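Undergrad: 3D, please:
(4 chains, ligands or ions: 2)
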Amino acid sequence: MKAIVHVGLKPGVLDPQGRTIAGSLQNLGFDEVKGARQGKVIELDIKGDDVEAAKARVTEMCEKLLANTVIESYRIEIEA
Amino acid sequence: MKAIVHVGLKPGVLDPQGRTIAGSLQNLGFDEVKGARQGKVIELDIKGDDVEAAKARVTEMCEKLLANTVIESYRIEIEA
Amino acid sequence: MSKKIKITPEVVKEHGLSEGEYEIILDRLGREPNINELGIFSVMWSEHCSYKSSRRHLGKFLTTGKRVIQGPGENAGVIDIGDNHAIIFKMESHNHPSYIEPYQGAATGVGGIMRDVFTMGARPIANMNALRFGEPSHPKTKSLVAGVVAGIGGYGNCVGVPTVGGETNFHAGYNGNILVNAMCVGLADQDKVFYSAAKGAGNPVFYVGSKTGRDGIHGATMASAEFDDDSEEKRPTVQVGDPFTEKLLIEACMELMATDAIIGIQDMGAAGLTSSSVEMADKGGVGIEINLDKVPQRETEMTPYEMMLSESQERMLMVLKPGKEQLAFDIFNKWELDVAQIGKTTDTGRLVLKHKRKTVCDIPIAPLGDDAPNLDRPHVPTPQRDVLAASDARPPTDYNDAMLKIMSCPDVASKRWIWEQYDRHVMADTMDSSQSGGDAAIVRVHGTNKAVAITTDCTPRYCYADPVEGGRQVVAETYRNLCSVGAEPIAITDCLNFGNPERPEIMGQFVGCVEGMNEACRALDYPVVSGNVSLYNETNGVAIPPTPAVGGVGLIDDVEKHATLAGAKAGDTLVLIGKTEGWLGSSLYGREVLGHERPDVALFYAPPPVDLASEKAAGAYVRRLIRDRRVTAVHDCSDGGLAVSAAEMAFSSGQGTSLKGHGDVPLHAWLFGEDQGRYLLAVDENSVNPVISTAQSKGLEARIVGKVGGDNVSADGAYDLTLSKLKDANEGWLPGFMAETA
Amino acid sequence: MRTAVIVFPASNCDRDAQSALAKITGRDPIMVWHRETELPDVDFVVIPGGFSYGDYLRSGAIAARSEIISDLKKKVEKGLPVAGFCNGFQVLTEAGILPGALMRNKSLKYICKPQPLTIVNSKSRFTTGYNGQKDVTFPIAHHDGNYYADKKTIDRLEKNGQVVFRYNGNPNGSINDIAGITNEAGNVLGMMPHPERAVDPLHGGTDGIELFKSVLGAL
Ligand SMILES: Nc1ncnc2c1ncn2[C@@H]1O[C@H](COP(=O)(O)OP(=O)(O)O)[C@@H](O)[C@H]1O
Ligand SMILES: [Mg+2]
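TA: Ligands and ions are numbered 1, 2, ... in the order given. The predicted structure is shown next:
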């Protein structure tokens, strides 16, 4: 099974990377860019085939390690 | 409009971050984890509403800046 | 938000204001404050901004001296190092944020202290960090270490300022409340030092740097309130640091400072726009009017309350000379930073805020400072501890084991794992850093032959056992560390970390430490020029050990003439300056080998006394020896005594050391006793006699205690270990700990 | 001898490079701000280390897209000697002037220490001055120094003698312990270690001096 975890900064948290990327795209002539945010995706290969169980476990992984819940939020997708 | 750019390492390129994440998860007792890969997502706010045009421009952004095609591949989603 | 919130007693209480304090506000305003005004009073009168528990005690410090240009009261202290050069420095805590989010908490701590320094016109040239973590076995310790260290490196490395040294302790007393103290040292021209006073009415007020978001609102009050287990759940928004913007801000400010445009400048630290605008106006004796619609904002719909209390990072406030507006716009635009003229100074003495064409705050500025509470909190002294006679402390059953244990205990073990994550060399002037295990870092004044030496120290277990003696010792140890590298000690900064001052025994620790520190400063002619107080460092009623961290700065006139530990050569004689009685009370030997601090034992003895007069004489003598190139290596004796000192000299020089000659002092006490005021010197054979006789002629004790050379670290009749085995034990602990899986 | 250092926002080893070049040539290098469109007429260009644009997105990525780099590319083709240290190496790979990429260190940690290196190619125009000396120590200080290129590229680099420096004790996971490479023509050097921090006995040693003397002397 594959679990895809999307981790992004919570709304309102400063995203210096996103801001710098947007600025750089504008400098390169992409004037249509109004803003950018950067997040990460972690793709996990997981043994087993119980989607619900996997979801619960991956949630635990997010809380324990994958996301820094003080400033980040996460979203999990499971691909069976 | 929103463009979501997924950037990941090409297959075959060693991913030190992914490997460490998998190792740490296993150490934390998540034995079901067989492997992990880390990629990034860049979300762009874009002026205009022509999806096709946007796709072409965002592709150009990827080639010019957002991805390093020596090691990375990318995928673009446009949300109108 | 502004009008609708009713100011109930609950709202007042939530803002951390007492009934009495609120009465004063009502009196000074002659009416009820609105929520913005209440918020402003609340942060200005918080412990963090007003120093209400500590102010009267700090006022006793020696703060002047022949090299002091600016003492406490500005963003950082300024000292004169000659040739129109000034060194500007300060230390500050970021304890609570680092416990909640170690990476960002530590990173923004580094960013904040650098702003305090460059806001005064100094280019930061060195950073230091003093860290205290819980015991290694505590489940949070490892991730806190990893996060804090990565955060300090992540910020400092990116800005391109070398992190040249620091200290790291582990103790159960910090399990629920780690300490992250960061120090920054900057270099300026004396005629280009900038202050925060906003003198003169009608001058433009400029905002530069990052946009304002809703970051860390109430951060200042958070840093002033005790933790409970809930704080982790509440998860106040921690700020994210942006070192890239900080770097641009430094360069842009330096560029503007090279012109004559600036009247006053201040970074926006705790309590952001509020404290910066109020302090600048207050110092300048003017009023200030701000149009909040002009404040660059990252979020939509921000209220005046949020804008005034936001602690978004990487922002500065400045008052310019009229007519210089365009110049400022041009420079900050060039560096792609946000810049806005948000208001002007006035002659009303009031802080007036406009938002969407309405006046949302109109209060007199003077009471914010003048009427800030200045408490005389009850304090009781720490009870005197018994003195532990050397003969009452047992020798180790096995000296080799004892030595290995001490050299690998968390406080003594090498911190390489930490400092290898810091860029120590950027800017081309680091002459010595953590890398050599030296007593103080040495950073050259760019383009000259002069250098500054920098150290941070504190021995919390001494301060716990006896705050006054501990306070003396902290200052004396920094003095000694500076002398050890050949620097003339000039001045200190401090970061006073304590528990809840509302408890008389904690307040007693604070008062005691300050008293001891002050005594040492006066005796050593070594003033305090800046500092920071961090109180309420406790969790569930358990306070941290009293931790008055001190950062000392000294001057080396000729950088060719400095000493390190590394210079010891085979065949050198080891000479010990200072008197050895074998003081084992509050020693590492007591803690690590005899288990004194174990909860079931809980024995606390008086710490070693500091003789300030001989401290001064010994320091002067050692400096002279270094200047005259009479010594090849110098190391002071601190934690773990002579044995640890000699071992560390061996590690750094790659030469074995052997100790011998304990005389009347019991062997174990001679080796591990922590008598103060001592220096271990490696001296070329031909210089031994003059070095000893001159010392004696100055009334200093000086004895031959051993030799340099060979492959072993040994002490006659005690331990004998190969250098490599001992070094592995010393180097191995931290990486081993960090690699262990949970 | 005229030299230049290209400065990007947060190129923070610009002063390191400036001091080293001034010391070796006896003349201050020209500091070129990234917004300039043309390089001055100089004999040697250094792209310094640091964290251009905060290392945001990827180290060196944003700097590599600046106009001054377009001009640099043209002059590189004409044979201008260029060296990129640390972030400068990252910029050169991101700009496609040198092959491969620099990824996060295998330990995921930033690492700063004196690093022993082996000079693999003593005949490059950056190493002739070492007169066959093989071992040198330069400071390293980086987070993203893990050199990667596909197998074909690596084979080609090795075959052409483009691998100039190898780590003696791999600190970051680089393929084949590669620490520094040149382009095919040999006029562009990229390396993670900092020779510019090894030109002063009181600072980081003096092993870097010959590197500068080699490239400047060959002119
Ligand atoms: N957090 C840290 N950051 C940088 N260097 C550190 C840190 N902790 C310890 N060190 C370095 O390790 C060495 C030994 O530290 P310490 O035992 O506290 O020295 P001393 O007792 O002589 O002041 C010093 O060179 C110091 O700078
Ligand atoms: Mg010391």
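Undergrad: Stretch C:300-310 close to chain A?
TA: No: applying C-beta under 8 Å from any C-beta of the partner chain, one finds stretch C:300-310 separated from chain A by no less than 10.4 Å. No exception for glycine: its C-beta is placed from N, CA and C like everyone else's.
Undergrad: Wait, residue C:425 touches residue D:205, no?
TA: No: judged on C-beta atoms under 8 Å, residue C:425 makes no contact with residue D:205 at a distance of 10.7 Å.
Undergrad: Which parts of the chain are strands?
TA: All of this is about chain A. Here chain A has its strands, by DSSP state E, at A:2-9, A:33-46, A:72-79.
Undergrad: try chain D instead
TA: Using DSSP E, strands in chain D cover D:3-7, D:30-33, D:44-47, D:82-85, D:101-103, D:111-119, D:135-142, D:146-148, D:163-167, D:178-182, D:188-191.
Undergrad: Reformat those as JSON lines; add mean neighbour count, distance to chain A and mean pLDDT.
TA: JSON lines is the format used below for these (neighbours: other C-beta atoms under 10 Å in any protein chain shown; distance: least, C-beta to the nearest C-beta, whole Å; pLDDT from 0 to 100):
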{"stretch": "strand D:3-7", "mean neighbour count": "26", "distance to chain A": "16", "mean pLDDT": "98"}
{"stretch": "strand D:30-33", "mean neighbour count": "16", "distance to chain A": "14", "mean pLDDT": "97"}
{"stretch": "strand D:44-47", "mean neighbour count": "28", "distance to chain A": "18", "mean pLDDT": "98"}
{"stretch": "strand D:82-85", "mean neighbour count": "28", "distance to chain A": "19", "mean pLDDT": "98"}
{"stretch": "strand D:101-103", "mean neighbour count": "26", "distance to chain A": "15", "mean pLDDT": "96"}
{"stretch": "strand D:111-119", "mean neighbour count": "19", "distance to chain A": "22", "mean pLDDT": "98"}
{"stretch": "strand D:135-142", "mean neighbour count": "23", "distance to chain A": "19", "mean pLDDT": "98"}
{"stretch": "strand D:146-148", "mean neighbour count": "25", "distance to chain A": "18", "mean pLDDT": "97"}
{"stretch": "strand D:163-167", "mean neighbour count": "23", "distance to chain A": "29", "mean pLDDT": "98"}
{"stretch": "strand D:178-182", "mean neighbour count": "28", "distance to chain A": "26", "mean pLDDT": "98"}
{"stretch": "strand D:188-191", "mean neighbour count": "28", "distance to chain A": "22", "mean pLDDT": "98"}
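Undergrad: Tell me the predicted confidence for residue C:270.
TA: Listed pLDDT for residue C:270 reads 81.
Undergrad: do residue C:313 as well
TA: 93.
Undergrad: where are the low-confidence patches of chain D?
TA: D:218-219 (pLDDT under 70).
Undergrad: List, one by one, the residues from it near chain A.
TA: Counting by C-beta under 8 Å from any C-beta, chain D sits next to chain A at D:53-54, D:56-57, D:62, D:65.
Undergrad: ok, now which ones touch residue 16?
TA: Because you didn't say which chain, this covers chain A. The neighbourhood of residue A:16, defined by C-beta atoms under 8 Å, 6 or more residues apart in numbering or on different chains, consists of C:240, C:242, C:244-245, D:54, D:56.
Undergrad: my bad, chain D
TA: The contact partners of residue D:16, by C-beta under 8 Å, 6+ apart, come to C:425-428, D:48-49, D:194, D:196-197.
Undergrad: cutoff 10 Å now
TA: Residue D:16 sits next to C:160, C:425-429, D:5, D:46, D:48-50, D:85-86, D:139, D:141, D:194, D:196-197, D:199, D:203-204 when contact means C-beta atoms under 10 Å, 6 or more residues apart in numbering or on different chains.
Undergrad: neighbour-wise, which of residue C:425 and residue D:205 wins?
TA: residue C:425 (24 against 17; other C-beta atoms under 10 Å in any protein chain shown).
Undergrad: In chain D, what residue comes closest to ligand 2?
TA: residue D:202 (21.0 Å; C-beta to the ion).
Undergrad: can you check the stretch 351-500 of chain C too?
TA: The minimum distance from the stretch 351-500 of chain C to ligand 2, using C-beta to the ion, falls at residue C:439 (3.9 Å).
Undergrad: show me the residues around that residue that make contact.
TA: For residue C:439, the contacting residues are C:165, C:432, C:453, C:455, C:457, C:477-478, C:480-485, C:487, C:563-565, C:634-636, C:638, C:648, C:679, by C-beta under 10 Å, 6+ apart.
Undergrad: and what of residue C:696?
TA: Neighbouring residues of residue C:696 by C-beta under 10 Å, 6+ apart: C:702-703.
Undergrad: How about residue C:186?
TA: With contact taken as C-beta under 10 Å, 6+ apart, residue C:186 is in contact with C:76, C:78, C:86-90, C:114, C:116-126, C:161, C:250.
Undergrad: Ligand 2 contacts on chain C?
TA: By C-beta under 5 Å from the ion, the residues of chain C that approach ligand 2 are C:439, C:481, C:636, C:638.
Undergrad: List the contacts of the third one.
TA: Under the criterion of C-beta under 10 Å, 6+ apart, the contact list for residue C:636 reads C:439-440, C:455, C:457, C:476-477, C:479-485, C:577-578, C:618-619, C:622, C:645, C:676-680.
Undergrad: Leaving out chain neighbours, which residue sits closest to it?
TA: Spatial nearest neighbour of residue C:636, excluding adjacent residues (C-beta to C-beta, 6 or more residues apart in numbering or on different chains): residue C:480 at 4.4 Å.
Undergrad: that's a helix at that neighbour, yeah?
TA: Yes: membership of residue C:480 in a helix is supported by DSSP: H, G, I helix; E, B strand; the rest coil.
Undergrad: Quick check, pLDDT for it.
TA: Predicted confidence (pLDDT) for residue C:480: 98.
Undergrad: Also the one 4 residues further on?
TA: pLDDT, residue C:484: 97.
Undergrad: which residues does it contact?
TA: Per C-beta under 10 Å, 6+ apart, neighbours of residue C:484: C:438-440, C:453, C:455, C:562-565, C:619, C:622-623, C:626, C:633-636, C:679-681.
Undergrad: Not counting its neighbours along the chain, what's nearest it?
TA: Ranked by C-beta to C-beta, 6+ apart and with sequence neighbours excluded, the top spatial neighbour of residue C:484 is residue C:439, at 4.0 Å.
Undergrad: Now do the one you found against residue C:122, distance only.
TA: 24 Å (C-beta to C-beta, to the nearest Å).
Undergrad: Tell me the residues of chain D that contact chain B?
TA: With C-beta under 10 Å from any C-beta of the partner chain as the criterion, chain D meets chain B at residues D:57-58, D:60-62, D:64-65, D:93-94, D:96, D:99-108, D:146, D:148-151, D:153, D:172-173, D:175.
Undergrad: can you pull the contacts of residue 53?
TA: Unless you meant another one, I'm taking chain A. Listed by C-beta under 10 Å, 6+ apart, the contact set of residue A:53 reads A:1, A:46, A:78, B:32.
Undergrad: switch to chain C, that's the one I care about
TA: By C-beta under 10 Å, 6+ apart, the contact list for residue C:53 reads C:47, C:224, C:373-377, C:379, C:498, C:500-502, C:506-507, C:510, C:533, C:535-536.
Undergrad: Helix or strand: which one has it?
TA: Assigned by DSSP states H and E, residue C:53 belongs to no helix or strand.
Undergrad: Determine the three-state secondary structure at the nearest residue to it once chain neighbours are set aside.
TA: Nearest-residue entry for residue C:53: residue C:501, 4.0 Å, with adjacent residues in sequence omitted and distances by C-beta to C-beta, 6+ apart. Assigned by three-state DSSP, the conformation of residue C:501 is coil.
Undergrad: Residue C:501: neighbour count?
TA: Other residues lying near residue C:501 total 23 when counted by other C-beta under 10 Å.
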